[in-house]
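sequence first, then the predicted structure, then my questions.
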Amino acid sequence: MRLKLTAFAVAAMLASGASWADMAAAEKWVNQEFQPSTLSKKQQLEEMKWFIEAADKLKKRGVKEISVVSETLDTHVYESKTLAKAFEEITGIKVKHDVIQEGDLVEKMQTSLQSGKSIYDGWVNDSDLIGTHYRYGQTVVLSDYMAGPGKEFTNPGLDLKDFIGTSFTTAPDGKMYQLPDQQFANLYWFRADWFARKDLQARFKAKYGYDLGVPQNWSAYEDIADFFTNDVKELDGKKVYGHMDYGKKDPSLGWRFTDAWLSMAGEADKGIPNGLPVDEWGIRVADDKCTPVGASVSRGGATNSPAAVYALTKYIDWMKKYAPPTAMGMTFGEAGPVPAQGQIAQQIFWYSAFTASMTKPGLPAVNANGYPKWRMAPSPHGPYWKQGMQNGYQDVGSWTYLKSTPADKMSAAWLYGQFVTSKTVSLKKSIVGLTFIRDSDIRSDYFTKHAEQYGGLIEFYRSPARVAWTPTGTNVPDYPKMAQLWWKNVAIAVTGEKTPQAAMDNLA
């Protein structure tokens, strides 16, 4: 139903500087695109009115266009194609929103940090770089900005307490450096319909002596991988595999490990969000300022510890024995959609960012009613893992601004970052991309009614356990440079050029 603006509301908006054209555009977008929302339509329009007024101040200073960048995810494609257009029509500021591969984005940001030159006005950059931003002194500290020069451009309805990921974007100095834009966790993924089959349950029980179900440890995961690959072999007319991964020599190979693969094996110290003094990269820090002192076991670290070597060994063995032969030559992006194609029984460490693309009607892993045949659950732990350690990885792509950006351009990009995370649009964006940032969206009536469509994702994000899945923390002093070391060293173990122990010794 079209929302009618009262004469009083129109008069108030005009008096405050919001034009007829801008409010008409806001009303169009609120009615046609920004539904459902946790706000009423009246509240949405009031929020849009604030954005119009704030943008007008910047337009008077000559800001007509900004450029921002984010990685290739459904959420960011929606921002680039839809929300950027909405922002331009409502505020009059044009947004060039590039969507590029994550490796390219990190490389461009590294160039910008090193050169001191502005490439983009705003970046959706993973909170994995929080240690870098904290140390380099080239990132706008949002806590200071919102209280100082950016106060007039900070949405009074931003509601930071509603964001579920701000602990990950806050540095040891207690200040927030980044604003979460999207989040997703790495979880166990499995074909619930296959696991529920009585014939397969009976065969599994007869062979292993226990029930087929969600594995709690790596030994059980390996049993299931072997069972589907070598005993079941074929289902629904297709060859099936008990495991899926990727192994191409590519920057994304490093993410497989820095994204908490080693901590799932039990390599880090206890403590949430990241183990202290040793984190999931195996880096030891000496004090509360997170001063790194080493990564090798000989220096008190854990990058080449028994748990880390065990994790790398199992990664290689499982991929060779239980995954499709093509997995060895795949990257993160290429491997992500494979489980939905109907040949994979389980994946120990699956990125829930793929939920949206794996719930599309017509896929082999989706029922005729649109509900997935698969489910997600907490990943099983390795033998070195102990209660209180990090459970897995959570990606928190966050709006990040550099001091090298001209002040007014940065303020306009800050407006856009707040716009695409605002309560007016965040629930709709969550439905499109399923990368939640606000607690109010997760607990909305919409997701209560449709939880069954998402294979356990809603239940996971509503549980208090979600905090045990954490991004790279502040122990890592220079993510862009150090991430490169990981994939290059892991790759030589995958190809057999070095043993897992030698590869991890070299990395440490």
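Structure's in. What do you need? Since the model is a prediction, treat every value here as computed from it, not as a measurement.

any buried residues in stretch 494-506, and which?
Of the residues in stretch 494-506, those buried by neighbour count under the rule 16 or more other C-beta atoms under 10 Å are 494, 498, 500-501, 503-505. In short, each C-beta sits where N, CA and C put it, glycine included.

residue ranges of the strands in this structure, please?
65-71, 94-100, 122-126, 179-191, 234-235, 238-239, 284-285, 292-294, 346-351, 374-377, 394-400 (DSSP state E).

what is the mean pLDDT for the last one?
Per-region confidence: strand 394-400 scores 96 on mean pLDDT.

again with the fourth one
The average pLDDT within strand 179-191 is 96.

chain center to that strand, what's the gap?
The chain centroid and the centroid of strand 179-191 are separated by 6 Å under C-alpha atoms, centre = their mean, to the nearest Å.

which of the buried residues of stretch 494-506 lies closest to Pro277?
Met504 (19.3 Å; C-beta to C-beta).

which non-adjacent residue is nearest that closest one?
In space, Met504 comes closest to Asn304 once its chain neighbours are excluded; the distance is 4.1 Å by C-beta to C-beta, 6 or more residues apart in numbering.

mind listing what the spatially closest residue to Tyr310 that is not a sequence neighbour touches?
If the residues on either side of it in the chain are set aside, Tyr310 comes closest to Ala265, at 5.8 Å by C-beta to C-beta, 6+ apart. With C-beta atoms under 8 Å, 6 or more residues apart in numbering as the criterion, the residues that contact Ala265 are 218, 307-308, 310-311, 314, 381-385.

what of Leu160?
Here Leu160 is in contact with 166, 176 (criterion: C-beta under 8 Å, 6+ apart).

can you rerun that using 10 Å?
142-143, 146, 154, 166, 176, 179-180 (C-beta atoms under 10 Å, 6 or more residues apart in numbering).

using JSON lines, lay out these together with distance to Gly122 and neighbour count.
Rendered in JSON lines, the data for the contacts of Leu160 read as follows (distance: C-beta to C-beta, whole Å; neighbours: other C-beta atoms under 10 Å):
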{"residue": "Leu142", "distance to Gly122": "12", "neighbour count": "25"}
{"residue": "Ser143", "distance to Gly122": "17", "neighbour count": "16"}
{"residue": "Met146", "distance to Gly122": "15", "neighbour count": "18"}
{"residue": "Thr154", "distance to Gly122": "15", "neighbour count": "18"}
{"residue": "Thr166", "distance to Gly122": "18", "neighbour count": "19"}
{"residue": "Met176", "distance to Gly122": "16", "neighbour count": "21"}
{"residue": "Leu179", "distance to Gly122": "10", "neighbour count": "25"}
{"residue": "Pro180", "distance to Gly122": "14", "neighbour count": "24"}
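
which two from those end up farthest apart in space?
Taking every pair in these and measuring C-beta to C-beta, the maximum separation is 15.5 Å, between Thr154 and Pro180.

returning to what we had before: by pLDDT, give me the weakest of the contacts of Leu160.
Per-residue confidence over the contacts of Leu160 reaches its minimum at Thr166, where pLDDT is 95.

quick check: Gly247 touching Met328?
Yes: here Gly247 reaches Met328: they are 4.4 Å apart, a contact under C-beta atoms under 10 Å.

the two - which one has more neighbours?
When neighbours are counted by other C-beta atoms under 10 Å, Gly247 and Met328 differ, and Gly247 comes out ahead with 23 against 16.

ok, Arg443 touching Ser463?
No: between Arg443 and Ser463 there is no contact, the gap being 11.7 Å when judged by C-beta under 10 Å.

in the chain, where's the longest helix?
Longest helix in the chain, counting residues (DSSP state H): helix 41-60.

residues of that helix that come out buried?
Here helix 41-60 shows 41, 44-58 as buried, counting by 16+ other C-beta under 10 Å.

among these, which one sits closest to Gly209?
Ranking the buried residues of helix 41-60 by separation from Gly209, with C-beta to C-beta as the measure, puts Gln44 on top at 57.5 Å.

what sits against the closest one?
Neighbours of Gln44 in contact, by C-beta under 10 Å, 6+ apart: 3, 26-27, 29-31, 34-35, 37-38, 157, 422-425.

please apply the same query to Tyr371.
Listed by C-beta under 10 Å, 6+ apart, the contact partners of Tyr371 are 359, 450, 452-455.

how does it look with 6 Å?
Listed by C-beta atoms under 6 Å, 6 or more residues apart in numbering, the contact set of Tyr371 reads 452-453.

next one: it from Arg284, what distance?
As for Tyr371, its distance to Arg284 is 46 Å (criterion: C-beta to C-beta, to the nearest Å).

what bits of the stretch 301-450 of the chain have low per-residue confidence?
Confidence mapping of the stretch 301-450 of the chain against pLDDT under 70 gives zero matching residues.

from Lys96, how far off is Ala407?
19 Å.

which residues does Ala55 contact?
Contacts for Ala55 (C-beta under 6 Å, 6+ apart) come out as 91, 93.

let me see the confidence value for it.
pLDDT, the model's per-residue confidence, is 96 for Ala55.

same deal with Val10?
49.

try the one 3 residues further on
Reading off the confidence values, Met13 has pLDDT 53.

please apply the same query to the one 3 residues further on.
Taken from the predicted model, the pLDDT recorded for Ser16 is 52.

need the nearest residue in space to Lys314, chain neighbours excluded.
Counting by C-beta to C-beta, 6+ apart, Trp218 is the residue found nearest to Lys314 once chain neighbours are left out, at 6.4 Å.

and the one you found, how close does it get to Thr303?
As it turns out, when the distance is counted by C-beta to C-beta, Trp218 lies 19 Å from Thr303.

check Ala353 too.
To Thr303, Ala353 is 26 Å away according to C-beta to C-beta.

okay, these two: which has more neighbours?
When Ala353 and Thr303 are compared for neighbours, Thr303 comes out ahead with 27 against 22, by other C-beta under 10 Å.
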